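**Q** would you be able to build a 3D model of this:
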Amino acid sequence: MDGAIRVMVERGRKKAVAVASAFDWPGWDRSGKSEEDALQVLDAYRPRYAKVAELAGLADEFRAAGKFAVVERLQGVGMTDFYGLSYKSAAPEHAPMSDAACERKLALLRASWTYFDDVASRVSAELRKGPRGGGRDRDKIVYHANGAEIQEFAPKVGVITPHDAWRRPDSLRAHRDAFCAAIRDYNARGAAARTWTVQFVIRHSAYHMLDHAWEMEDRDLSGV
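**A** Residues are numbered from 1 along each chain as shown. Reported below is the predicted structural model:
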């Protein structure tokens, strides 16, 4: 297990879907039709996640990481079936983190914000449509990603921010600082984040930002 990347796999209840989550690396979650598929997609995203690890100051640790080791398998929930995302905490995520471990994960959450903001600043306003002509354009993705964090994720640790704070850089920065401070406090007290664990708050928040950042990159039309 030395150097191995611990992975939790959530399987759909009614659909052929599985989600692989490298829960020590918040945001690195990918899905597929089976466990094998999900692990292959997760591995394919290793170079993309490496950029996030670098932003967090963890490039050396990430480069030294080894192969995947599935340490837990769970049955997912409705969100797993319908959206192909992880919506359960891994067993180790139920325990409070050390201060150092908390800061490490917060660094990765902050890196996911930085990565998302950078992508949003350089992709085309209009994004490539899906095969049926669907898909949000850039500004709607920015609205959705920041809005979900402000309205759904941050309140799990008691952070209440005006919904439109994301429109103002200073207000968004203040929100993110408050979010991180609240996560530290909840972790130090061993408090539950409502129905979530504190570690899942970090992981899901990072996942949501990175999933949409990678979506914008994949659908960017600026080089066409």
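
**Q** from now on I want contacts and neighbour counts done on CA atoms only, so please keep to that.
**A** Fine.

**Q** distance of R219 relative to Y115?
**A** Separation of R219 from Y115 (C-alpha to C-alpha, to the nearest Å) stands at 16 Å.

**Q** er, V71 actually
**A** 29 Å.

**Q** more neighbours: those two, which one.
**A** Y115 (19 against 13; other C-alpha atoms under 10 Å).

**Q** tell me the contacts of the more buried one?
**A** Applying C-alpha atoms under 8 Å, 6 or more residues apart in numbering, we find Y115 in contact with V52, L55, L210, A213.

**Q** M216 now?
**A** V119, A120, V123, L127, R138.

**Q** of those residues - the most surrounded one?
**A** Within those, R138 tops the neighbour count with 23 neighbours, counted by other C-alpha under 10 Å.

**Q** can you give the domain ranges for this structure?
**A** With domains defined by automatic domain parsing, the chain comprises 5-89, 95-219.

**Q** quick check on A20: phi, psi?
**A** phi -100, psi 130 (degrees, to the nearest 10).

**Q** what of E72?
**A** Backbone dihedrals for E72, given as degrees, to the nearest 10, come out at phi -160, psi 140.

**Q** how much space between it and D177?
**A** Plainly put, E72 is 32 Å away from D177 if you go by C-alpha to C-alpha.

**Q** any idea of the mean pLDDT in stretch 33-40?
**A** Averaged over stretch 33-40, pLDDT sits at 98.

**Q** give the buried residues for it.
**A** Residues of stretch 33-40 classed as buried by neighbour count (16 or more other C-alpha atoms under 10 Å): S34, E35, D37, A38, L39.

**Q** dump the C-alpha coordinates for that stretch into CSV.
**A** The C-alpha coordinates for stretch 33-40 follow below in CSV (Å, rounded to 0.1, in the frame of the first residue of the first chain):
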residue,chain,number,x,y,z
LYS,A,33,-20.1,2.0,-16.9
SER,A,34,-18.2,-0.4,-14.6
GLU,A,35,-15.5,-0.3,-12.0
GLU,A,36,-12.8,-1.1,-14.6
ASP,A,37,-14.1,1.7,-16.8
ALA,A,38,-14.2,4.2,-14.0
LEU,A,39,-10.6,3.3,-12.9
GLN,A,40,-9.4,3.7,-16.5
